[in-house]
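1. Okay, here's the prediction I keep looking at, along with the sequence it came from:
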Amino acid sequence: NSYRNISLILKTAFNIKVSHTTISNWCVKFAPMFDDMRIQLVPLLDLNSDEWHADETVVKILGQKYYIWFIIDSETRFILGFHLSPHRDSPQAFTLFNSVKSYGTPNSIVSHRYSAYIVPAKAIFGVKHIRVESFNDDISNNVIEAFNKQFKYWYKTRYGFNSFESANSMIMMFVFFYNFIRPHSSLSDLTPAQVAGLKYSERQQNSLL
């Protein structure tokens, strides 16, 4: 939802008047708290699977083009990590892969045919790297492409970002919500964290909100 819509909902449903700017500031302020929760919860997950999929998409910060790099576990749909950068080259793929190497080791890394992933995948994970060349390949990159569509739908409500810090904070909270709070119909109404082995009740899940 957009900050303006959230402000309207609070006013209409609860008679609480809060500006959309204040809501945005709250997100930036509390994002580190949610990241601390993520750091505590991730070691409880089993993210060793057949494939991790990597991809990048474009966002804008103050009208300037940036690239957001994502990596997702194919079996649990858990977003392992992201990296925001003004550059689209191999060092960014290195940064992304280094940020998640402690989570486990997949049997293979899947990406599109962009060459930036080749050396980082071999150097950091030392596993098979599958480059999807076309729709006729046996293995596709549909898992992360489907996530990117959801991310872009959410991103459009932001109309871009006002700063690098706020962009990182907003994306961090979106990923946390996606991983730990939101049930997915494709996962039998479980969260990716639950599919990865995290045990929590509906009450504990709601407490994250």
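-> Happy to help now that I have it. Residues are numbered from 1 along each chain as shown.
2. where do the helices sit along the protein?
-> Along the chain, counting by DSSP state H, helices occupy 3-14, 20-41, 90-100, 118-120, 142-156, 164-176, 192-195, 202-207.
3. can you give me the mean pLDDT across the shortest one?
-> Taken as a whole, helix 118-120 carries a mean pLDDT of 95.
4. in it, what counts as buried?
-> I118, P120 (16 or more other CB atoms under 10 Å). Where C-beta positions appear, they are placed from N, C-alpha and C, glycine not excepted.
5. hmm, back to that, JSON lines please, covering the helices of the chain and showing distance to I79.
-> Converted to JSON lines, those look like this (distance: least, CB to CB, whole Å):
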{"stretch": "helix 3-14", "distance to I79": "22"}
{"stretch": "helix 20-41", "distance to I79": "10"}
{"stretch": "helix 90-100", "distance to I79": "10"}
{"stretch": "helix 118-120", "distance to I79": "18"}
{"stretch": "helix 142-156", "distance to I79": "7"}
{"stretch": "helix 164-176", "distance to I79": "5"}
{"stretch": "helix 192-195", "distance to I79": "7"}
{"stretch": "helix 202-207", "distance to I79": "17"}
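6. F78: which of these is closest?
-> Closest of the helices of the chain to F78 is helix 192-195, at 3.9 Å (criterion: CB to CB).
7. So which elements touch that closest one?
-> Under the contact criterion of 3 or more CB pairs under 8 Å, 6 or more residues apart in numbering; DSSP states H and E, helix 192-195 touches no helix or strand at all.
8. mean confidence for that helix?
-> The model assigns helix 192-195 a mean pLDDT of 94.
9. List of residues touching that helix?
-> With contacts defined as CB atoms under 8 Å, 6 or more residues apart in numbering, helix 192-195 is touched by 41, 45, 73, 75-79, 178-180, 184, 187, 200.
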